[in-house]
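Peer 1: Kindly generate the corresponding structure for this input.
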Amino acid sequence: MGYSEAKLENLVSKRLDNFQGLNHFVARTTRQKEGIFKLRYDAYHGEGLIQGSGEASLSDWQDDESSSSIYGVTLHGSLVSTIRLSVISREHKNCVTYALFKDYLDPLLDCGERLIDGSRLAVRCNDSALRRRVVMYTLSLAAGLSSSVKADHGTMIARHNHAPFYERFGFKVVSGPFSYPEALTPLSLMMIDLPKRVAGCTPPGHVTDGDGQHLALRSA
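Peer 2: Residues are numbered from 1 along each chain as shown. Here you go, the predicted structure:
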């Protein structure tokens, strides 16, 4: 699939001014994780992606995997989005995306390629213009960390009707649409080829060496 590095530049560098007020953290404490699980539920239920639940919380087994890290994004200190980043490789296959698309991904992994997978992307923001900024910032975490984990490709499962938005940044639908038991709308697997030069595209102070080391150590 064709990949334009300029699109990554646009994603993680040229929009830096639009990222003012946004920050991120790795969820390590129970309180941080519970806040993120509630945000996931509120976002997915509010958008009609999942059925309602009395628990008002959304988590799964992958949240506890050693090769995954949960990130929260804040706007002026308030939690507005989250994404779970996971490394998929020959050694690390405990991932929902791999379980669903094993036949498609195995040929890549057998060649020694590594993937950084973004899952459970959830945004709680009503303003459409601001929401776009928040989504771009959240996705740029994966782009900025990809060099630290030596990822060749990025993957994500997205709502099929949202695919055109992600295609603006170089993602391509490689499988789908498909149905998933807990999802009320069709989903698709999307992939992006990552250039070797990613760190140079990442704005200083946005994604730090410490962020990359955290995920790299968990997937070592």
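Peer 1: Not counting its neighbours along the chain, what's nearest residue 121?
Peer 2: Leaving aside its chain neighbours, residue 121 sits nearest to residue 83 (4.8 Å; criterion: CB to CB, 6 or more residues apart in numbering). (Glycine included, C-beta is placed from N, CA and C.)
Peer 1: should've said residue 52
Peer 2: Leaving aside its sequence neighbours, residue 52 sits nearest to residue 45 (CB to CB, 6+ apart; 5.8 Å).
Peer 1: who are the neighbours of the lengthiest strand in the chain, in terms of helices and strands?
Peer 2: Looking across the chain with DSSP state E, the single longest strand is strand 78-88. For strand 78-88, the packing partners by 3 or more CB pairs under 8 Å, 6 or more residues apart in numbering; DSSP states H and E come out as helix 30-46, strand 68-75, helix 96-100, strand 115-123, helix 128-145, helix 209-218.
Peer 1: that older thread, ok, now how distant is the residue nearest to residue 121 from residue 43?
Peer 2: 12 Å (CB to CB, to the nearest Å).
Peer 1: Residue 75 now?
Peer 2: 14 Å.
Peer 1: still on that earlier bit, residues in contact with both of residue 83 and residue 43, list them for me.
Peer 2: Counting by CB atoms under 8 Å, 6 or more residues apart in numbering, the common neighbours of residue 83 and residue 43 are residue 122.
Peer 1: Need the three-state assignment for the residue of the chain positioned farthest from its centre.
Peer 2: Most distant residue from the mean C-alpha position of the chain: residue 54, 26.4 Å away (CA atoms, centre = their mean). Classification of residue 54 using DSSP: H, G, I helix; E, B strand; the rest coil returns coil.
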